[in-house]
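Enquirer: quick check, what structure comes out for this input:
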Amino acid sequence: MAMESIDSGRFQFTLHTHVHVGRGVSGRLPDVLQESGFRRIALVVDGGVTANPTFVTLRDRLAGSFDLVHELVNRVSEPDYDYLDECRDRLAAKPFDCLIGFGGGSSLDLTKALSVLITNPGKALQYRGYNLIKQPGVPVFALPTTAGTGAEVTPNAVFTESKEKRKFGINTSLYLPKVAFLDPLLTVTCPKSVTVASGVDALMQAIESFVATKATPASRVFSREAFRLVFAALPKVVREPENLDHREAMQLGAYYSGIALMNSAPGPAGAMSYPLGVHYKVPHGLAHAVFEPTIVRWNVERGCTLYEDLYGLIDGAPQGLDPKGKGAEFHRRLTALYDEVGIPRSLAPFGISPQDVRFLAEQTVLLKAAIDFNPVPISVEDITTILASMIKQG
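Expert: Below you'll find the model as predicted:
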């Protein structure tokens with residue numbers, strides 16, 4: 001087992017949110033709210049889930065048992081800070097006891113940020129950064145309807161600054177959800193494109209958090225299990241979208257990947273994804289995923305053997321290889337998965353040309369902290385080289 005770049009003697013681990021897991025568990029939400037003494041509730045609902053039968057039934061139960069003060073339907077896939085302020089102003093009109101979020105990563109990020117903007121004065125942008133929030137937010141309950149970022153447990157909420165064209169988050173533990181419900185029934189209406197994009201995002205979080213220099217023995221437990229679950233379940237759920245076993249495995253894997261990431265660190269693929277999303281409107285999951293095979297190959301070719309541990313979790317993967325061979329085969333298996341579920345491995349499908357490379361590199365370097373967590377040093381010149389190599393490759 002490869003355990004490079006890790007101090008196993010001293011580390012920290014954080015996990016705040018109580019979680020209910022399994023099909024139908026979202027039905028427990030009304031009881032949990034009543035046990036907590038909440039009466040006046042507000043909902044933030046992703047526009048893509050409003051027709052989901054499980055959501056419709058649960059929403060009607062909530063409306064019948066509680067004072068539903070607000071119901072904000074979010075149809076913005078990549079919220080910016082101006083939109084965040086607009087939503088806050090709408091919710092601030094009437095007080096409520098708790099905020100319940102239904103949706104993917106963007107809608108859950110919106111829910112978390114709104115919870116603290118209700119209790120902290122001023123514009124949202126002034127809280128961009130780490131630990132700038134001073135007052136705890138309104139209690140949050142999170143119900144993910146995709147299997148992606150694990151936003152239901154993470155202290156991160158990412159938004160775009162429309163003038164600077166930069167993505168950066170409001171990051172605090174003061175909005176962490178009180179309770180999350182991982183119910184695969186809420187994901188069955190998720191479109192194939194969103195299922196794939198969010199699924200590969202979870203997979204990338206598992207991989208990057210495992211090899212990051214900030215990884216710990218505890219974070220790697222979750223990275224491994226997240227990788228094992230998502231790598232096996234993603235192609236299955238694409239083939240059988242109604243299969244709740246596969247949906248549940250994806251949701252649990254995404255949850256684990258969020259835990260792993262918040263206790264470890266992201267990497268260069270995550271940093272590269274932000275300018276691709278902001279400037280070229282590539283969905284976050286795809287923007288994150290497209291870079292990972294190239295980063296894996298880059299690291300393996302420069303002596304990183306960490307991937308052999310994840311390689312051993314792939315069903316049917318031959319084990320009689322040396323560490324370098326396992327790294328190369330891990331890369332091959334990852335690219336094969338991409339081909340199976342329809343993820344590009346080149347920047348060409350997104351309209352990126354050689355003339356865009358320098359700009360993308362300059363924007364990526366603004367997130368150098370994430371790049372520096374890579375197990376193999378990557379310079380500014382290396383970023384340019386990696387981007388240029390992805391213009392033509394298949």
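Enquirer: now for the helix or strand containing residue 361, which elements pack on it?
Expert: Residue 361 is part of helix 357-365 when elements are defined by DSSP states H and E. Where contact means 3 or more Cβ pairs under 8 Å, 6 or more residues apart in numbering; DSSP states H and E, helix 357-365 is packed against helix 268-280, helix 380-389. (C-beta placed from N, C-alpha, C; glycine too.)
Enquirer: in that helix, what counts as buried?
Expert: The neighbour-count check on helix 357-365 (16 or more other Cβ atoms under 10 Å) flags 357, 360, 361, 363, 364 as buried.
Enquirer: tell me the most buried of the helices and strands packed on helix 357-365?
Expert: helix 268-280 (a mean of 23; mean count of other Cβ atoms under 10 Å).
Enquirer: convert the C-alpha atoms of the helix or strand just after it to PDB, please.
Expert: Per DSSP H and E, the first helix or strand lying C-terminal to helix 268-280 is helix 284-289. In PDB, the C-alpha atoms belonging to helix 284-289 read as follows (Å, rounded to 0.1, in the frame of the first residue of the first chain):
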ATOM      1  CA  HIS A 284     -18.300  22.000 -13.100                       C
ATOM      2  CA  GLY A 285     -18.200  18.200 -13.000                       C
ATOM      3  CA  LEU A 286     -17.000  17.900 -16.600                       C
ATOM      4  CA  ALA A 287     -14.600  20.800 -16.200                       C
ATOM      5  CA  HIS A 288     -13.100  19.000 -13.200                       C
ATOM      6  CA  ALA A 289     -13.000  15.500 -14.800                       C
END
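Enquirer: identify the residues contacting helix 284-289?
Expert: Outside of helix 284-289, the residues that reach it under the criterion Cβ atoms under 8 Å, 6 or more residues apart in numbering are 78, 105-106, 148, 196-201, 203-204, 269-270, 272-274, 276-277, 338, 343-344.
Enquirer: now do that helix, average pLDDT.
Expert: Averaging pLDDT along helix 284-289 yields 93.
Enquirer: again, but for stretch 200-220
Expert: Computed over stretch 200-220, the mean pLDDT rounds to 97.
Enquirer: pLDDT weak spots in the stretch 251-394 of the chain?
Expert: 392-394 (pLDDT under 70).
Enquirer: just confirm residue 71 is within a strand.
Expert: Yes. Assessed by DSSP: H, G, I helix; E, B strand; the rest coil, residue 71 belongs to a strand.
Enquirer: now do the contacts for it.
Expert: With Cβ under 8 Å, 6+ apart, residue 71 has these contacts: 42, 43, 45.
Enquirer: next, residue 151: phi, psi?
Expert: Phi and psi for residue 151, reported as degrees, to the nearest 10, are phi -60, psi -20.
Enquirer: thinking it is in contact with residue 113, fair?
Expert: No. Residue 151 sits out of contact with residue 113 when judged by Cβ atoms under 8 Å, with a separation of 10.8 Å.
Enquirer: for residue 231, see how far away residue 333 is.
Expert: According to Cβ to Cβ, to the nearest Å, residue 333 stands 8 Å off from residue 231.
Enquirer: before we move on, back to that, need the buried residues of helix 357-365 in JSON lines with distance to residue 289, can you?
Expert: Shown next, in JSON lines, are the buried residues of helix 357-365 (distance: Cβ to Cβ, whole Å):
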{"residue": "357", "distance to residue 289": "19"}
{"residue": "360", "distance to residue 289": "16"}
{"residue": "361", "distance to residue 289": "19"}
{"residue": "363", "distance to residue 289": "18"}
{"residue": "364", "distance to residue 289": "16"}
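Enquirer: ok, the nearest residue to residue 388 once chain neighbours are set aside - contacts?
Expert: In this structure, residue 388 finds its nearest non-sequential neighbour in residue 357, 5.0 Å apart by Cβ to Cβ, 6 or more residues apart in numbering. Residues near residue 357 by Cβ under 8 Å, 6+ apart: 384, 387, 388, 391.
Enquirer: from the residues you listed, which is closest to residue 125?
Expert: The closest of these to residue 125 turns out to be residue 387 (Cβ to Cβ; 28.9 Å).
Enquirer: ok, now how distant is that closest one from residue 291?
Expert: 9 Å.
Enquirer: identify the contacts common to the two.
Expert: Both residue 387 and residue 291 are contacted by residue 272, under the criterion Cβ under 8 Å, 6+ apart.
Enquirer: the helices in the stretch 51-200 of the chain, which residues?
Expert: Remark: helices assigned in the stretch 51-200 of the chain by DSSP state H, counting those that start in this stretch are 53-65, 81-91, 105-117, 192-211.
Enquirer: these into a markdown table, with extra columns for distance to residue 23?
Expert: Shown next, in a markdown table, are the helices of the stretch 51-200 of the chain (distance: least, Cβ to Cβ, whole Å):
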| stretch | distance to residue 23 |
| --- | --- |
| helix 53-65 | 9 |
| helix 81-91 | 31 |
| helix 105-117 | 20 |
| helix 192-211 | 17 |
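Enquirer: which one of those lies closest to residue 161?
Expert: Comparison of these against residue 161 by Cβ to Cβ identifies helix 81-91 as nearest, at 5.7 Å.
Enquirer: before we move on, the earlier item: mutual contacts of residue 151 and residue 113, please.
Expert: residue 157.
Enquirer: quick check, residue 12 in a helix?
Expert: No. Assignment of residue 12 by three-state DSSP gives coil, placing it outside any helix.
Enquirer: next up, the contacts around it.
Expert: Listed by Cβ under 8 Å, 6+ apart, the contact set of residue 12 reads 216, 263.
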